[in-house]
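Engineer: give me a 3D structure for the following:
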Amino acid sequence: MTDASLHALAHEAGLVVTWRDNDGRSNTVGAETLRAVLGAMGFPAASEAAIAESRAELARHARTLPPVLTLTVGPEGTAVPGAAVGDPWRLELEDGSIREGRLVAGWSGEARLPALDAPGWHRLELGHGEVRLAAAPARCVGLREGWRGWGLAAQLYALRKPGDRGVGDHGALAALGEAAARHGADCIAVSPQHALFAADPHRFGPYAPSSRLFLNPLYADPGLVFADAEPSPGDDGALVDWPAVSALSLAIFRALHARHRDDPRFAAFRARAGRPLEDHARFEALHAWHIAKEPTCCDWRCWRPELRDPRSRAVEAFAHAQAEEVGFHAFLQFLADASLAETQRRLRAAGMAIGLISDLAVGADPAGSQAWSAPGQILTGVSVGAPPDGFSPRGQDWGLTAFSPTALRQTGFAGFLGVLRAALRHAGGVRIDHVMGLARLWLIPPGAAPHEGVYVRYPLDDLLRLIALESWRHGAVVIGEDLGTVPEGLRERLEAAGILGMRVLWFERDAEGGFLAPVHWTRQAVAMTTTHDLPTVTGWWAGRDIDWRRRLGLFPDPAAAERAQQERARDRIALWQAMCRSGAAAGAAPEPDDPPLDAALRHVGAAASALALLPLEDACALAEQPNLPGTVEGHPNWRRRLPGEAAGLLDDAGTRARLAAFATTRQARERC
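Structural biologist: Predicted coordinates for the structure are as follows:
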């Protein structure tokens, strides 16, 4: 086997054989990694014969008419695989109207569908087949020209309200949103609400869900759905006790199910959600059944072979025998969906221009519902992560699944559309985590170290068109989390598609490392003081994150910790100087134990960005961050709760003053 043939197959399959790291160094991926990832993608590469067959298979895919073609409305039209110039076509638009014609020649002689001016999902009939046509507007729904909105960013689990079972819920979120609207906020961006594992509450990381198609029922507020629901107070401590919350909540929800299983709204929801909901409910019931028998059996890949296939007779028999349990898990999704819908309704009714901004995680847990339900859409045997960079010198392995690029095309992008629509179902916007994954993902073979992965390309043009189309259909803004290593030219592509980037105070630097003036922050972006993975303003100024990393042994040696402290001291001076230049601060820089929080909020509030988000941790002047990357034990990730009830949280004098300063700065900048 020659490297040339292996590299040719890798290139045709979308693997990036040679790439540049953050320092500009060229790296070539090893043959073992290429073969492993190609095999996971369904293209064996163990021999020259296997490589030849895999390349032939890829060529067949390229000539085959896919189930979905995407195009941007406008003058260009789109190429049609497997067709010839002059072939007749018939197009049934989403509104029922009909258009007909013949395929025309493109610049390189390929057969093309002429220009189309009607966005929507249409049906295209050709002589050699039929295809759905996703005709997208050129850009996602945008914010009004010159508009400078603002909102809050909240970790949903951290909110409080009376009788909340020990975790934040949709009722608390609605109360917070209504209070924020009275202060002039346009939106609330919330942490992911994806379904986790009902039978295994120790797996509570929101970015490693069981399924991105469904919701975490622990966030449901029955009081928003049923008149007979009563508060059932749980632990009101400083940290969420996820197992206790789960036990209490499921007991309450079972009683509700017993009383409301015949509710026509539930029946309608279950019928509308169809096969995906039934698969998820069956998985949850099977997962609980296995854990009850063997607590260590928390991964469906260790189940009996016949139960690993969601379409098997064994699974069908289980669902029939356990119909009550399957129905209960379907009911949980109805409850969560209905209470989230009511939350968004209340936020819009309170005057918010956007309301909720949901968070779409980059992948799902391979042991979860989504991987079990649709194995053909998922790349099994590889893990999503990131190559080494300055933030993570050893690279990162996130332990998540990824969609197969080939399966995306072959299934009409069903999996991607499913998670995108789920995120937009009851929201005025969506934040796409690790938006670089639309173009490429770093995939790591089993048993390999994070640095032994490879970038795999994804159909960026198609995915951007689908996002723009669904944004248009839902009337929703789209934010792309573009922090970290971003492929060259991607930010420009995202901006052209109307996707807002993210600009975080700590990273907005000039070429010399100084902090940028707010006027120079990107217009088409969301400005933030911090994120859930980064220190709060108070924590950053005091070096709290460095203290945590030192305490947990995350520095390679004491000297590295000392260097981090020294760098932070220099950055404090640089930030203070930048805030003085922007007019947000004046005088001498305060000491590490006296954070200039108000100045930081004025500085970020003055950013030229179209939207600014204030994390609640900074609104409330808290020192601790929600999550410390690189830790599992030792730091209470995804557990810290806010100090007061959501309905009155913003009434604290200090918090109210900070909100007013942030909002006033946004409005003042808008008038300029």
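
Engineer: what about C298, neighbour count?
Structural biologist: The number of residues packed around C298, counting by other Cβ atoms under 10 Å, is 16. No exception for glycine: its C-beta is placed from N, CA and C like everyone else's.

Engineer: contacting residues for it?
Structural biologist: Residues counted as contacts of C298 (Cβ atoms under 8 Å, 6 or more residues apart in numbering) are 197, 200, 203, 287, 290-291, 367.

Engineer: and what of V73?
Structural biologist: 115-119, 135-138.

Engineer: what do you get for Y455?
Structural biologist: 15-16, 19, 387, 440-443.

Engineer: can you list the residues that contact stretch 221-238?
Structural biologist: With Cβ under 8 Å, 6+ apart, stretch 221-238 has contacts from 160, 162-167, 169-172, 174, 241, 244-245, 248, 252-253, 256, 259-260, 335, 338-339, 342-343, 640-641.

Engineer: including pLDDT, secondary structure and neighbour count, could the contacts of C298 go into a markdown table?
Structural biologist: A markdown table is the format used below for the contacts of C298 (pLDDT from 0 to 100; DSSP: H, G, I helix; E, B strand; the rest coil; neighbours: other Cβ atoms under 10 Å):
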| residue | pLDDT | secondary structure | neighbour count |
| --- | --- | --- | --- |
| F197 | 98 | coil | 25 |
| D200 | 97 | coil | 20 |
| R203 | 96 | coil | 16 |
| H287 | 98 | helix | 25 |
| H290 | 96 | helix | 20 |
| I291 | 96 | helix | 16 |
| A367 | 96 | coil | 20 |
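
Engineer: which pair in those spans the largest distance?
Structural biologist: R203 and H290 (14.5 Å; Cβ to Cβ).

Engineer: so where is the protein shaky, pLDDT-wise?
Structural biologist: Where the chain drops to pLDDT under 70, the residues are 1-2, 668-672.

Engineer: M41: which of the contacts of C298 is nearest?
Structural biologist: Of the contacts of C298, the one sitting nearest to M41 (Cβ to Cβ) turns out to be A367, at 20.5 Å.

Engineer: how close does the closest residue to that closest one other than its chain neighbours get to W372?
Structural biologist: Sequence neighbours aside, D299 is the residue nearest to A367 in space, at 4.0 Å (criterion: Cβ to Cβ, 6 or more residues apart in numbering). Per Cβ to Cβ, to the nearest Å, D299 is found 10 Å from W372.

Engineer: so for these two, which residue has more residues nearby?
Structural biologist: W372 (27 against 16).

Engineer: chain center to the strand or helix carrying Q344: distance?
Structural biologist: Counting by DSSP states H and E, the secondary-structure element that holds Q344 is helix 323-349. Centroid separation for helix 323-349 versus its chain: 20 Å, with Cα atoms, centre = their mean, to the nearest Å.

Engineer: repeat that for stretch 131-139.
Structural biologist: That offset, for stretch 131-139, works out to 22 Å (Cα atoms, centre = their mean).

Engineer: again with stretch 51-67
Structural biologist: Taking mean C-alpha positions (Cα atoms, centre = their mean), stretch 51-67 and its chain are 31 Å apart.

Engineer: now do the phi/psi pair for R63.
Structural biologist: Here is the backbone geometry of R63 (degrees, to the nearest 10): phi -90, psi -10.

Engineer: ditto for L597
Structural biologist: Torsion angles, degrees, to the nearest 10, at L597: phi -60, psi -50.
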